[in-house]
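Participant: Have a look; sequence and predicted model below, questions after that.
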Amino acid sequence: MEVFENKGDCRFHGSLATDRAGRLYDSRFRDAIRSNRRPLSEREVRTVEAMTALRITARLTRQLMDRWADKHGLSEGRLHALFQLAAAPNHRLPLGELADHLDVSPRNVTGLIDHLEQDGLVERIDDPEDRRMTYAQLTPAGGKRIAGMRAQGLEWQLKIAAGLSIEELEQLRHACLQLIGNMTGAPVAERRSA
């Protein structure tokens, strides 16, 4: 298994081991939950282990994302705003819609756009037909910044996922999205594609 090059940025205080099936688990954590006052069933142990591993993975991924964005002179929020605008039609979104996409308040999106505008990466455009509507639009400089970061971002993700087969990646995607469905009630479309 390839080790991520920024491993010094990631700290894991558990102890990785493999079970009889060759699957990884945290032996220190398993010992701790097994010493619990109330014994847990195997399903409960596996559920707690999986959810804890997911939380640790999310925390470490967020730390790496923050550091990666910082190396490019951006906060994670500003980086996500740029990616949202890069993917939007005409590289522009109403500020309220951008706030929804980023799951932040309108006040927070205003601050993000203020900073990105100061850096010349985004500009505000007023709607000539509706004075209440303001758009954030990616500038050519913002488009160049994102284009330069995409290849590096893909490389970064491939290194994190090193050693996982396509089937394992699909299982991981499926499991994460199933958890999201359980937490949000998001409907599943019946459409099947490759």
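Facilitator: It's in. Just so you know, these numbers come straight off a predicted model, no measurement behind them. Numbering: from 1, shown residues only.

Participant: Can you mark which positions in the strand ranked longest in the chain are buried?
Facilitator: Looking across the chain with DSSP state E, the single longest strand is strand 130-138. Buried residues in strand 130-138, counted by 16 or more other C-beta atoms under 10 Å: 135-136, 138. Backbone N, C-alpha and C define where each C-beta goes, glycine included.

Participant: what's that strand packed up against?
Facilitator: Secondary-structure packing of strand 130-138 (3 or more C-beta pairs under 8 Å, 6 or more residues apart in numbering; DSSP states H and E): helix 76-87, strand 92-94, helix 95-102, helix 106-118, strand 122-127.

Participant: ok, now with 6 Å
Facilitator: strand 92-94, helix 95-102, strand 122-127 (3 or more C-beta pairs under 6 Å, 6 or more residues apart in numbering; DSSP states H and E).

Participant: how about those in CSV, adding mean neighbour count, distance to Leu158 and mean pLDDT?
Facilitator: Formatted as CSV, the helices and strands packed on strand 130-138 follow (neighbours: other C-beta atoms under 10 Å; distance: least, C-beta to C-beta, whole Å; pLDDT from 0 to 100):
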stretch, mean neighbour count, distance to Leu158, mean pLDDT
strand 92-94, 19, 29, 96
helix 95-102, 17, 25, 95
strand 122-127, 15, 28, 94
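
Participant: Of these, give the one that comes closest to Ser27.
Facilitator: helix 95-102 (38.6 Å; C-beta to C-beta).

Participant: Let me know the angle separating that closest one from strand 122-127.
Facilitator: 130 degrees (axes from the mean of the first three to the mean of the last three C-alpha atoms, to 10 degrees).
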